[in-house]
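Q: just need the structure, nothing else, for what follows:
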Amino acid sequence: MYPPINPRVDFAFKKIFGSAENKDLLIALLNAILELRAPITAVTLKNPYSLAAYRTGKMSILDINACDASGRWFYVEMQINEDRSFDKRAIYYWAKTVTEQLSEGAMYRTLQKTYCISILDFDLIPNRTEFHNCYKILNRATGQDGDIHDLVELHYLELGKFNKDYADLTTALDRWVTFFTGAQQLDRQLSPQTLAIDPNISKALAVTERLFNPDERATYEVRLQEMLNNKNAIATARAEGLTEGLDKGRTEGEQSALRKVARNLLKLLPPEEVAKQTGLTLAEVMVLSPRD
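A: Numbers count the residues shown, from 1 in each chain. Reported below is the predicted structural model:
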């Protein structure tokens, strides 16, 4: 008996929401997050799930890129490992998705709104207690967003900030976040009534229980172990670096701690990944060397 699938692992997330046969789940998730005046009714997947593409390296970024019949574009990514610069990464992928519209023949005047959704298994926005935060372009003087074309919307869902019990689940988004954080402990036959009333959640649980074939399961296990190793390496390196930094001045200590973290991570990860995880520039990382 295999252990339950963790939908927060990006490979599993892509299988569940990026497969052609599960487009209804993606639509339900998008509608729950975005709460659009005109709900999404159908989507076209621009980079559908493919095990073969993943294994050959053609699908190394396990995001989901889609558009709907009205021309709106959606970029969705699940991130389990902490990334201090993820907000910058999200803006980059939003811009990349806009560029893809142009590559498909769109003119500037016909560009459609692109929604970038980041589902995070770590805290990115420390000064906000809400688990769901949305960012748009506003006029600083008026606080309004209707002066120019409304083309950008960035959504961040920080799963660790969600703290509702089953009895308190009232919205579709509440149920989806509970699925992400608790799917490994849930049984679709015995799930709480507040979840069982949602057929999309029941189907998503069914996908995690039985729709991974042996090859997919093996690939998932490898990806899960990679992510756990990275998570542990980052936590260990940061702890060592921060301990060293406590004995120094605040600013100097923080910088020293980051360099210590980066130096330890270089023993395990490529420089580009170290830069992403620590917030240092690639040039700053490249001058460091791992020390035993």
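Q: can you give me the strands in the stretch 51-200 of the chain?
A: Secondary structure of the stretch 51-200 of the chain (DSSP state E, counting those that start in this stretch): strands located at 64-68, 73-79, 114-120, 132-135, 152-158.
Q: and these as JSON lines, adding mean pLDDT?
A: Shown next, in JSON lines, are the strands of the stretch 51-200 of the chain (pLDDT from 0 to 100):
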{"stretch": "strand 64-68", "mean pLDDT": "94"}
{"stretch": "strand 73-79", "mean pLDDT": "95"}
{"stretch": "strand 114-120", "mean pLDDT": "96"}
{"stretch": "strand 132-135", "mean pLDDT": "96"}
{"stretch": "strand 152-158", "mean pLDDT": "96"}
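Q: including distance to D198, could the ones you listed go into a markdown table?
A: (Each C-beta comes from the backbone N, C-alpha and C, glycine too.) Output for the strands of the stretch 51-200 of the chain, formatted as a markdown table (distance: least, C-beta to C-beta, whole Å):
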| stretch | distance to D198 |
| --- | --- |
| strand 64-68 | 20 |
| strand 73-79 | 19 |
| strand 114-120 | 18 |
| strand 132-135 | 18 |
| strand 152-158 | 17 |
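Q: centroid residue for the chain?
A: With distances taken as C-alpha atoms, centre = their mean, M78 lies nearest the centre of the chain, 2.3 Å away.
Q: check contacts around that one.
A: 7-10, 13, 62, 119, 121 (C-beta atoms under 8 Å, 6 or more residues apart in numbering).
Q: what of K14?
A: Applying C-beta under 8 Å, 6+ apart to K14 gives the contacts 49, 54, 59, 62-64.
Q: apply 7 Å and report the result again.
A: 49, 62, 64 (C-beta atoms under 7 Å, 6 or more residues apart in numbering).
Q: count of residues packed around the first one?
A: Okay, so that is Y49. By other C-beta atoms under 10 Å, the residues close to Y49 number 22.
Q: next one: the second one
A: Here the count is done by other C-beta under 10 Å, and L62 has 20 residues near it.
Q: please shift the residue numbers so they start at 886 in all later answers.
A: Right, with 886 as the first residue, what we last looked at is L947.
Q: which residue packs closest to it, ignoring adjacent ones?
A: Spatial nearest neighbour of L947, chain neighbours left out: D895 (3.9 Å); criterion: C-beta to C-beta, 6 or more residues apart in numbering.
Q: in this structure that neighbour contacts Y939, no?
A: No - using C-beta atoms under 7 Å, D895 is not in contact with Y939, being 10.3 Å away.
Q: ranges for the helices of the stretch 936-1085 of the chain?
A: Applying DSSP state H, counting those that start in this stretch to the stretch 936-1085 of the chain gives helices spanning 936-940, 971-988, 1057-1067, 1078-1081, 1084-1095.
Q: need the winner for burial among those helices.
A: By mean neighbour count, with neighbours taken as mean count of other C-beta atoms under 10 Å, helix 1057-1067 ranks first of these at a mean of 20.
Q: now for it, which elements pack on it?
A: helix 908-919, helix 1084-1095 (3 or more C-beta pairs under 7 Å, 6 or more residues apart in numbering; DSSP states H and E).
Q: and the angle from it to helix 908-919?
A: 110 degrees (axes from the mean of the first three to the mean of the last three C-alpha atoms, to 10 degrees).
Q: what's in contact with helix 1057-1067?
A: By C-beta under 7 Å, 6+ apart, helix 1057-1067 touches 892-893, 914, 917-918, 1004, 1016-1017, 1042, 1044, 1047, 1049, 1054, 1080, 1083, 1086, 1089.
Q: whichever of those end up buried, select them in ChimeraX.
A: The buried residues among the contacts of helix 1057-1067 can be selected in ChimeraX (16 or more other C-beta atoms under 10 Å) with this line:
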select :892,893,914,917,918,1004,1016,1042,1044,1047,1054,1080,1083,1086,1089
